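Colleague: Pasting a predicted model and its sequence here:
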Amino acid sequence: MNPISLRRFLTLPACVAAFALTGCDTLKPLDSKPSLAKIDLARPFATTWKSNVMPLVKYSVILPAGEYEPALEDEKFYYYRAPSRVIYKDLNSSLLEGGIRVAREHDGATPRGWYCVGEDGTMFTGDFKAPLPTN
């Protein structure tokens, strides 16, 4: 098994375990069929925001270009895993597991936000303020 296949094989159980340990007990491996078979980002996509408390910190998440495949779900979202790690920037930069969230509501085909899992298993989420550059 090549290293990329091995990483993809081990990532799903690690994400499920991390989410389970952080209290996201409704998050589970994909059990239903999402409306989108995949999401294909044409180029990297960055979203930024500032904290509401002092000190004001600028945060950003950079999603890599490529194909995002559905991997997890809960009662509100499908979670599409990024083809490589997501860059999460605050005072430091981290490479984290993560990807795109697609809401089940309406047609279930509109990417609504991003997610990533911190090194301690904490899940971070946010909404997109601009449309994704999809193919």
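Modeller: Perfect, thanks for sending it.

Colleague: and stretch 61-73, average pLDDT?
Modeller: Model confidence over stretch 61-73 averages 96 on the pLDDT scale.

Colleague: could you dump that stretch to CSV, C-alpha only?
Modeller: These are the backbone C-alpha positions of stretch 61-73, laid out as CSV (Å, rounded to 0.1, in the frame of the first residue of the first chain):
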residue,chain,number,x,y,z
VAL,A,61,-8.1,28.5,7.0
ILE,A,62,-6.7,27.5,3.7
LEU,A,63,-8.3,24.5,1.9
PRO,A,64,-6.1,22.8,-0.7
ALA,A,65,-7.1,22.4,-4.3
GLY,A,66,-8.3,18.9,-5.4
GLU,A,67,-11.1,16.4,-4.8
TYR,A,68,-12.9,16.3,-1.5
GLU,A,69,-14.7,13.0,-0.8
PRO,A,70,-17.5,12.4,1.7
ALA,A,71,-16.3,10.6,4.8
LEU,A,72,-18.4,11.5,7.8
GLU,A,73,-21.9,12.8,8.7
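
Colleague: Can you name the helix or strand that the residue most central in space within the chain falls in?
Modeller: By Cα atoms, centre = their mean, the chain has its centre lying nearest to residue 99, at 2.3 Å. If you go by DSSP states H and E, residue 99 is part of strand 93-103.

Colleague: Check for me that residue 125 belongs to a strand.
Modeller: Yes: checked against DSSP: H, G, I helix; E, B strand; the rest coil, residue 125 lies within a strand.

Colleague: thinking again about what came up before, so what secondary structure elements neighbour the strand holding residue 99?
Modeller: Applying 3 or more Cβ pairs under 8 Å, 6 or more residues apart in numbering; DSSP states H and E, one finds that strand 93-103 contacts helix 3-21, strand 58-63, strand 66-73, strand 77-81, strand 86-89, strand 111-117. C-betas here are computed from N, CA, C, even on glycine.
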